[in-house]
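Participant: Got a predicted model here, sequence first, then my questions.
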Protein chains: 2
Amino acid sequence: MNNNIVPLNELISQFERLPGIGKKTAQRLAYSILNQPPERAQKFADALVNARQKIHFCKCCQGFTDKEICDICENIGRDKSVICVVAEPKDIFTFEKTREFSGLYHVLHGLISPLDGVGPDQLKIKELMARLSDSTVKEIIMATNPTVEGEATASYISRLVKPLGVKVTRLAYGIPVGGDLEYADEFTLARALEGRNEI
Amino acid sequence: MNNNIVPLNELISQFERLPGIGKKTAQRLAYSILNQPPERAQKFADALVNARQKIHFCKCCQGFTDKEICDICENIGRDKSVICVVAEPKDIFTFEKTREFSGLYHVLHGLISPLDGVGPDQLKIKELMARLSDSTVKEIIMATNPTVEGEATASYISRLVKPLGVKVTRLAYGIPVGGDLEYADEFTLARALEGRNEI
């Protein structure tokens, strides 16, 4: 730091702890706070504390909510026979944005990753299995990322769930809509061929 | 927003109000807060309020400080005969980083810009003139940006200050160190030629 104004440096280092925010950006953001009226800083501070205090995980799907059970789980209009299984709470919002899915969700809070010391016990798999105990759920869609960890987690859960007579599906692989064949990698292209549909 | 969790949306919109932070980044930052322990959010909140409450402008140079007079103005080791005039408080830190300047600073808090309705009266020019009233100051260095507004402000102040017998200088124009001639624009190159030095 090129100044010895303690509260300024403290604010800069708080911004720097955010993901993807480097030193320069942190400085710029801190200065922007100093250029705003004090009420703005207070509002920002309140929003931080408020969000962290009030938001926790839904008892049912483990997604974000400020209630006991989240709005999606409680919505009687949603199809309770399908559960879309995702790695992180924010993935729910990504799917909701498509407006194409009317079932329920389940958040694992991570993926199986032996290298990072994450095994099935650290994930919310027990909670998923509990939701399958009555026979309401007919299908679970594994919507984890198409990475080694995502695939491993999907097949682990698939092996657990199939014996219960629940159908397990996986998101389709293929070329992205609006994408260019020239830029598609060979693995994606191979999967797109494999999964071809009649038109 | 694709969720109706009010405290989350409020936090996202607070991040979005920061300069250069778009919707996606704001969401990412908000989620990162939810993934940290509540004490971290509280610390961040405290830093925001603290910085905004404690930091104000130095009575002398108008730069940032949490005291009445900033450390630079109060440092008896600094050369009180030279004042470097800058547009924004953060510019002081930029110059301090060079470790090449041992004089004092003065922050104008803006530049003359008729289009934005900013005239000399909105800037801290009166405060600068007050600092020149005894004859301690022998030189002022105009270190405003090399833009139309920066130049206009520099020459306005120069006209005010020169009659007091104070030398007024301007930062040198030229090619940046480590820069490539090929990428220097014609105006910069012309100024670099004009300001050439014997070696």
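Facilitator: All right, it came through fine.
Participant: Next, A:Ala190: secondary structure please.
Facilitator: Here A:Ala190 is recorded as helix under DSSP: H, G, I helix; E, B strand; the rest coil.
Participant: how close does it sit to B:Leu171?
Facilitator: 59 Å (CB to CB, to the nearest Å). All C-beta spots, glycine's among them, are computed from the backbone N, C-alpha and C.
Participant: So what's the residue count around A:Gln36?
Facilitator: 14 (other CB atoms under 10 Å in any protein chain shown).
Participant: With adjacent residues omitted, what lies nearest to it?
Facilitator: Excluding its sequence neighbours, the residue lying closest to A:Gln36 (CB to CB, 6 or more residues apart in numbering or on different chains) is B:Arg52, at 7.6 Å.
Participant: again, but for A:Ile69
Facilitator: Nearest one to A:Ile69, counting by CB to CB, 6+ apart, is A:Cys60 at 5.4 Å.
Participant: wait, isn't A:Gln53 in contact with B:Pro38?
Facilitator: Yes. Between A:Gln53 and B:Pro38 there is a contact at 6.4 Å, judged by CB atoms under 8 Å.
Participant: Geometrically speaking, which residue is the centre of chain A?
Facilitator: The centre of chain A sits closest to A:Glu88, judged by CA atoms, centre = their mean, with a distance of 2.6 Å.
Participant: got the contact list for it?
Facilitator: A:Val107, A:His109, A:Gly110, B:Tyr31 (CB atoms under 8 Å, 6 or more residues apart in numbering or on different chains).
Participant: before we move on, the earlier item: correct me, but the residue nearest to A:Ile69 touches A:Lys67?
Facilitator: No. The criterion here is CB under 8 Å, and A:Cys60 misses it with A:Lys67 at 10.8 Å.
Participant: List the buried residues for the one helix or strand A:Lys126 maps to?
Facilitator: Assigned by DSSP states H and E, A:Lys126 falls within helix A:125-131. The neighbour-count check on helix A:125-131 (16 or more other CB atoms under 10 Å in any protein chain shown) flags A:Ile125, A:Glu127, A:Leu128, A:Arg131 as buried.
Participant: and of the residues you listed, the nearest to chain B?
Facilitator: A:Glu127 (18.3 Å; CB to the nearest CB).
Participant: For the closest one, report the pLDDT, please.
Facilitator: Per-residue pLDDT puts A:Glu127 at 95.
Participant: before we move on, what about A:Asn2?
Facilitator: Looking at A:Asn2, the pLDDT reads 57.
Participant: Please apply the same query to the one 10 residues further on.
Facilitator: For A:Ile12, the pLDDT comes out at 95.
Participant: how is chain A carved up into domains?
Facilitator: Domain assignment for chain A by automatic domain parsing gives A:6-54, A:58-198.
Participant: Stretch A:103-119 close to chain B?
Facilitator: No. Stretch A:103-119 stays clear of chain B (CB under 8 Å from any CB of the partner chain), getting no nearer than 9.6 Å.
Participant: so how far is chain B from A:Lys126?
Facilitator: 21 Å (CB to the nearest CB, to the nearest Å).
Participant: in chain A, which spans are helices?
Facilitator: Counting by DSSP state H, chain A has helices at residues A:6-16, A:23-34, A:38-54, A:71-74, A:89-98, A:125-131, A:148-161, A:186-194.
Participant: Check what contacts the longest one and list those residues.
Facilitator: Taking contacts as CB under 8 Å, 6+ apart, the residues outside helix A:38-54 that touch it are A:33, A:66, B:7-8, B:10-11, B:14, B:17, B:30, B:33-34, B:36, B:38, B:40-42, B:44-46, B:48-49, B:51-53.
Participant: Low-confidence regions, chain A specifically.
Facilitator: Applying pLDDT under 70 to chain A picks out residues A:1-2.
Participant: ok, for A:Thr144, nearest residue in space, not its chain neighbours?
Facilitator: A:Gly150 (3.6 Å).
Participant: A:Thr147 now?
Facilitator: Closest to A:Thr147 by CB to CB, 6+ apart is A:Leu111, at 7.7 Å.
Participant: Counting neighbours, what do you get for the one you found?
Facilitator: Neighbours of A:Leu111 (other CB under 10 Å): 22.
Participant: My read is that it contacts A:Gly150, right?
Facilitator: Yes. Judged on CB under 8 Å, A:Leu111 makes contact with A:Gly150 at a distance of 5.8 Å.
Participant: mind checking how far stretch A:120-128 is from the chain centre?
Facilitator: 15 Å (CA atoms, centre = their mean, to the nearest Å).
Participant: Give me the contact list for that stretch.
Facilitator: Under CB under 8 Å, 6+ apart, the answer for stretch A:120-128 is A:62, A:83, A:85, A:106-112, A:140, A:153, A:156-157, A:160.
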